[in-house]
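> Quick check, what structure comes out for this input:
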Amino acid sequence: MNQVIEQDKKNKIEFNKLHKRLRRNVGRAIDDFNMIEDGDKIMVCLSGGKDSYTMLDILQNLQHSAPVKFELIAVNLDQKQPGFPEHVLPEYLSTQAIEYHIIQEDTYSIVKDKVPEGKTTCALCSRLRRGIIYSWAQQNGITKIALGHHREDIMETLFLNMFFGGKMKSMPPKLLSDDGKNTVIRPLAYCKESDIARYSQIKSFPIIPCNLCGSQENLQRKHIKQMLKDWENQFPGRVENIFRSISNVAPSHLMDSQLFPFKNLTNDMQLQQESDELFDEPSFSIKNNITPAEKSLQKTVINIKNLS
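Model prediction:
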């Protein structure tokens, strides 16, 4: 009996630590990117997966103590996949103190009709889903659309775009749609997938698998996910460094002339730009007596920042 009680205590401590970590990471992301503002009406997109359940749960928790007032509306898009358990989400959401809506659109038939057998359906499926969600948001006065993408999703997308799209591009924590009418936020941007998976398991969320695209074993995203796992196993900390690098970009050390004004640099600035000093910017507040050379370097760094 004592062992059972002791194990229960350990489990409770583990859950509390996990919950605090997720809550802290979500709160930090919201603050860093100004994701939620006073009076926001937020559409929380639920797929029935571990990520979206966790996102909704943490946002509801933060809602009670946030310094601003905002509204949450849970929305699921029923794409009419064969065998989709339509009862699961309504039954779960009816136990939560939240307004919810189930949008029913048969995108499954469209995808199966347009995409040849064996080909990846995700691209068309996501475009159709995005269009429906954006339209519903506009019709219902939604100010922010919350998606459940986490840290690993962001890194996987970075490598997918690099390997197969020739672009250094990922999922931004906050995004304005092309037409400027919808703002998408990703509150789980700082959260580890392993934390989300454990939290979802402890909370016993009624998970609904994606049978339309999740069954396609040839998806490149799965290969990228495995690559990152292998790297982390072989070199602990590598994944964390990759993620940190996304928010620590040095445009002057890349090759995008649209991002950095290489053509406008003078010879002196180019020499400074290529030095180690600019890569790891020195702190000029350490010394009170700054030499003329240090003053010149400080001025050059500031000039280059202003140009970018």
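
> my guess is A146 contacts M43, does it?
Yes - contact criterion Cβ atoms under 8 Å: A146 and M43 qualify, at 6.7 Å. The way it works is simple: take the backbone N, C-alpha and C, and place the C-beta from them, glycine included.

> Where does the prediction get shaky in this structure?
The chain contains residues with pLDDT under 70 at 210-218, 266-308.

> Just the element for the residue most central in space within it, please.
Centroid-nearest residue in the chain: A189, 3.5 Å away (criterion: Cα atoms, centre = their mean). A189 is part of no helix or strand when elements are defined by DSSP states H and E.

> From I98, how far off is it?
22 Å (Cβ to Cβ, to the nearest Å).

> one step back: phi, psi of the residue nearest to the centre of the chain?
Per-residue torsions, A189: phi -60, psi -30 (degrees, to the nearest 10).

> hang on, it packs against R151?
Yes - using Cβ under 8 Å as the test, A189 is close enough to R151 to be in contact (6.7 Å).

> What segments of this structure are helices?
With DSSP state H, the ranges of helices along the chain come out as 2-32, 50-63, 88-93, 107-114, 122-139, 151-160, 193-203, 220-234, 238-246, 267-273, 276-279, 292-307.

> May I see these arranged in a markdown table, with mean neighbour count and distance to D178 as well?
Listed next are these as a markdown table, based on neighbours: other Cβ atoms under 10 Å; distance: least, Cβ to Cβ, whole Å:
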| stretch | mean neighbour count | distance to D178 |
| --- | --- | --- |
| helix 2-32 | 13 | 23 |
| helix 50-63 | 21 | 23 |
| helix 88-93 | 16 | 29 |
| helix 107-114 | 15 | 20 |
| helix 122-139 | 16 | 10 |
| helix 151-160 | 20 | 17 |
| helix 193-203 | 16 | 28 |
| helix 220-234 | 14 | 23 |
| helix 238-246 | 14 | 22 |
| helix 267-273 | 14 | 33 |
| helix 276-279 | 13 | 34 |
| helix 292-307 | 13 | 28 |
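
> Which one, of these, ends up nearest to V75?
Closest approach to V75 among the helices of the chain is made by helix 122-139 (6.9 Å; Cβ to Cβ).

> and that closest one, how far from the chain's centre?
Distance, stretch centre to chain centre, for helix 122-139: 18 Å (Cα atoms, centre = their mean, to the nearest Å).

> list the helices and strands that helix packs on?
Applying 3 or more Cβ pairs under 8 Å, 6 or more residues apart in numbering; DSSP states H and E, we find helix 122-139 packed against strand 41-46, strand 71-78, strand 99-104, helix 107-114, strand 144-146.

> okay, those, which one's buried deepest?
Of these, the one with the most neighbours on average (mean count of other Cβ atoms under 10 Å) is strand 144-146, at a mean of 23.

> Give me the sheet partners of it and which way each runs.
strand 41-46 (parallel), strand 183-185 (parallel) (DSSP bridges).

> about what we covered before: so for the residue nearest to the centre of the chain, what's the nearest residue that isn't a sequence neighbour?
Spatial nearest neighbour of A189, excluding adjacent residues (Cβ to Cβ, 6 or more residues apart in numbering): P173 at 4.1 Å.

> and the one you found, what does it touch?
A29, D32, F33, M35, I185, R186, A189 (Cβ atoms under 8 Å, 6 or more residues apart in numbering).

> How about A97?
When the contact criterion is Cβ under 8 Å, 6+ apart, the partners of A97 are Q60.

> and the gap between it and S200?
A97 sits 20 Å away from S200, going by Cβ to Cβ.

> swap in A250?
In terms of Cβ to Cβ, A250 sits 37 Å off from S200.

> Pretty sure D57 sits against I202.
No - here D57 does not reach I202: they are 10.9 Å apart, not a contact under Cβ under 8 Å.

> coming back round to it: now tabulate the strands paired with strand 144-146 in CSV and tack on distance to W231.
Below are the strands paired with strand 144-146 laid out as CSV (distance: least, Cβ to Cβ, whole Å):
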stretch, distance to W231
strand 41-46, 30
strand 183-185, 28
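
> among these, which is nearest E156?
So among the strands paired with strand 144-146, strand 183-185 is nearest, using Cβ to Cβ, at 17.6 Å.

> show me what contacts H101?
By Cβ under 8 Å, 6+ apart, the neighbours of H101 are I73, A74, V75, N76, W136.

> Now for those residues: which two are most distant?
A74 and W136 (12.5 Å).
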